[in-house]
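Undergrad: Sequence plus the predicted model coming up.
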Amino acid sequence: MTQDATGDAHAPRDPDAPVFDGPPLSLEEELAAARAEPEPGPDIATVNESLADGVNRCPRCGSTDVRLRGSTGMLICLFCRHEWQEARVEEELGLGEGIDDLRGTVVAGGAQDIAADTDDVITLKCGGCGAEVVVDTAHAMNARCHWCRHTLNVNQQLPNGAVPDAVLPFRLTHDEAVGKIREFASKRRLFAHPRFKAEFVPENVLGVYLPYLVIDANAHARYDGVGEVQTRRWTEKSGDNTVTYYSADVFRVDRSVAFTVDDLTVEGSADRASMDGSTTNNIVNTILPFDTKNAVKWNASYLVGFTSEKRDLDVGDLGPVLEDQLLSIGRSQVEQSLAEFDRGVRWEQERLDVGGTRWVSMYLPVWLYSYYQEDTGMLHYIAVNARTGETMGSVPVSQWRLVLAALTVGTFLEGIAGALLVAWS
């Protein structure tokens, strides 16, 4: 035992005893410390650092008056007419590589979960004069400075679904889209409502960027069921009718397949993915696929002159959709091995193991024409894939024309039947 200068005795310290390192932090101090900790970044960083100040300048003359030239899919400076484009994300981010090696869920920066409390309104500081310009990202991704007329773009990734990782530029011009819609409607003019044809306004054909999530995945699927091989077929008379019977051998069938998926495209908007009977917006799916391999790094200048929709679905929301599509792909993969079962195969159990996925958010271009049919309350759409020209839609039908056509066909068939009866008699 030892004594200090005051005469107090100190026993040897117990190494397991707690160490007093000061009073506990207050609630305010704990919150401040939590805010100071860096937040984890995305699995794939896709921010376009060259546009961090919100200004997209022409690389030749420095002008910010930049927009998309639809006929070329490139950005054009409206001052010096110089054209250029952003780098393709396929090569820039290596999105076409390593699909077999994916493990878990890899999410790019623009596909991160949406924060419900994120404000859509942001303030940009003009790089030309220093003024502050407010942009409502719910309705626009660009704004012009009211002092120096610089064009400012929202290029920072916000947790509100407004800024994706990549954008696929428009290729078809407005005139080409109008021509596609006219051609589509003219093929259905026989039964089309006359008001639809009379009220068609080309100016109402609008270009819109729709939000999608593009997925790479590797998976293993297993299917168990029964298959039938026909052994005999015969017919028997039953009164005035003839009944056909089949005899078949039944076998247990199981198949398994490992496969990868590159650029599977699913909707990022709940409204577009809905099957609401009062609208026909699900026709947008029928104009797939898009050439997503040609998507470029995000640059809000591609949106000048067009509208866009924010993504409102997270990766977690689309898990069931991905599973259904992967199982469907797996079924098509094993189909060629089932040729011997000429009576078909019925799958009773399906199992899917997903090894890894990679999610990238992307804006895809669509020319859209809408028409509201007052008598039925239905909203009709005709959509044009602004890359391939594929067109699909819904045209309001004239009911009286359908009835007239049915009566005409019925009268024609009755006439043929009468002529045959006269000939037989």
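TA: Now that the structure is in, tell me what you want to look at.
Undergrad: mind checking how far T46 is from V304?
TA: 21 Å (CB to CB, to the nearest Å). Just so you know, the C-beta spots here come from the backbone N, C-alpha and C atoms, and that holds for glycine as well.
Undergrad: List of residues touching stretch 135-153?
TA: 51, 54-56, 64-66, 120-124, 126-129, 131, 133-134, 154, 158, 160, 162-163, 299-301, 303-304, 308, 310 (CB atoms under 8 Å, 6 or more residues apart in numbering).
Undergrad: I meant stretch 79-92, not that one.
TA: 46, 48, 58-61, 63, 65, 69, 72-77, 95-96, 165-166, 169, 293-299, 360.
Undergrad: Buried among those? Need that as a selection in PyMOL.
TA: Here is the PyMOL command that selects the buried residues among the contacts of stretch 79-92 (16 or more other CB atoms under 10 Å):
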select buried, resi 46+48+58+63+65+69+73+74+75+76+77+95+165+166+169+294+295+296+297+298+299+360
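Undergrad: Just the ones in strands from the contacts of stretch 79-92, please.
TA: R69, M74, L75, I76, C77, A166, V296, K297, V360 (DSSP state E).
Undergrad: Regarding the spatially closest residue to L288 that is not a sequence neighbour, which helix or strand does it belong to?
TA: Spatial nearest neighbour of L288, chain neighbours left out: T265 (6.1 Å); criterion: CB to CB, 6 or more residues apart in numbering. Using DSSP states H and E, T265 falls within strand 241-267.
Undergrad: Tell me where the model's unsure across the protein.
TA: 1-42, 52-53, 117-119, 155-159, 188-194, 273-282, 398-425 (pLDDT under 70).
Undergrad: longest strand anywhere in it?
TA: From DSSP E, the single longest strand across the chain is strand 206-238.
Undergrad: and that one, which residues are buried?
TA: Applying 16+ other CB under 10 Å to strand 206-238 flags 207-219, 221, 223, 225, 227-228 as buried.
Undergrad: May I have the strands that pair with that strand, each with its orientation?
TA: strand 241-267 (antiparallel), strand 307-308 (parallel), strand 345-373 (antiparallel) (DSSP bridges).
Undergrad: CA atoms of stretch 140-157 as PDB?
TA: Extracted in PDB, the C-alpha atoms of stretch 140-157 (Å, rounded to 0.1, in the frame of the first residue of the first chain):
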ATOM      1  CA  ALA A 140     -39.300  21.700 -63.600                       C
ATOM      2  CA  MET A 141     -35.600  20.800 -63.500                       C
ATOM      3  CA  ASN A 142     -34.400  24.100 -65.100                       C
ATOM      4  CA  ALA A 143     -34.800  27.800 -64.400                       C
ATOM      5  CA  ARG A 144     -33.500  31.000 -65.900                       C
ATOM      6  CA  CYS A 145     -31.800  33.600 -63.700                       C
ATOM      7  CA  HIS A 146     -34.000  36.700 -63.700                       C
ATOM      8  CA  TRP A 147     -31.000  39.000 -63.500                       C
ATOM      9  CA  CYS A 148     -28.400  37.600 -66.000                       C
ATOM     10  CA  ARG A 149     -30.600  35.100 -67.800                       C
ATOM     11  CA  HIS A 150     -28.200  32.200 -67.200                       C
ATOM     12  CA  THR A 151     -29.900  28.800 -67.400                       C
ATOM     13  CA  LEU A 152     -29.600  26.900 -64.100                       C
ATOM     14  CA  ASN A 153     -30.100  23.100 -63.900                       C
ATOM     15  CA  VAL A 154     -30.900  20.800 -61.000                       C
ATOM     16  CA  ASN A 155     -28.000  18.300 -61.200                       C
ATOM     17  CA  GLN A 156     -27.600  17.400 -57.600                       C
ATOM     18  CA  GLN A 157     -29.300  14.200 -56.500                       C
END
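Undergrad: and it, how far out from the chain's middle?
TA: 26 Å (CA atoms, centre = their mean, to the nearest Å).
Undergrad: Check which residues of stretch 311-322 are buried.
TA: Along stretch 311-322, these residues count as buried under the neighbour rule (16+ other CB under 10 Å): R311, L313, D314, V315, L318, V321, L322.
Undergrad: Adding secondary structure, write those residues out as TSV.
TA: Shown next, in TSV, are those (DSSP: H, G, I helix; E, B strand; the rest coil):
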residue	secondary structure
R311	coil
L313	coil
D314	coil
V315	coil
L318	helix
V321	helix
L322	helix
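Undergrad: As a markdown table, those residues with distance to A177 would be great.
TA: Output for these, formatted as a markdown table (distance: CB to CB, whole Å):
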| residue | distance to A177 |
| --- | --- |
| R311 | 24 |
| L313 | 27 |
| D314 | 31 |
| V315 | 32 |
| L318 | 29 |
| V321 | 28 |
| L322 | 31 |
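Undergrad: quick one: which of these is nearest D271?
TA: L313 (10.0 Å; CB to CB).
Undergrad: just checking, that closest one touches G268?
TA: Yes. At 5.3 Å, L313 and G268 qualify as touching, with contact defined as CB atoms under 8 Å.
Undergrad: about what we covered before: quick one: the residue nearest to L288 from V167, how far?
TA: In terms of CB to CB, T265 sits 14 Å off from V167.
Undergrad: who has more neighbours, those two?
TA: Just comparing T265 and V167: by other CB atoms under 10 Å the higher neighbour count belongs to V167, 26 against 17.
Undergrad: Quick one: residues in contact with stretch 47-62.
TA: 63-64, 66, 75, 77, 79-80, 82, 84, 86, 109, 124-128, 150-157, 297-301.
Undergrad: change it to 7 Å
TA: 63-64, 66, 77, 79-80, 82, 84, 109, 124, 127, 150, 152-155, 157, 297-299, 301 (CB atoms under 7 Å, 6 or more residues apart in numbering).
Undergrad: Contacts only, for the residue nearest to L288.
TA: Y212, V214, L288, P289, F290, T292.
Undergrad: of all those residues, which comes closest to N241?
TA: Of the contacts of T265, the one sitting nearest to N241 (CB to CB) turns out to be L288, at 45.0 Å.
Undergrad: Tell me how far the closest one lies from E183.
TA: L288 is 20 Å from E183, where distance means CB to CB.
Undergrad: more neighbours, these two?
TA: Counting neighbours by other CB under 10 Å for L288 and for E183 shows that L288 has the greater number, 15 against 11.
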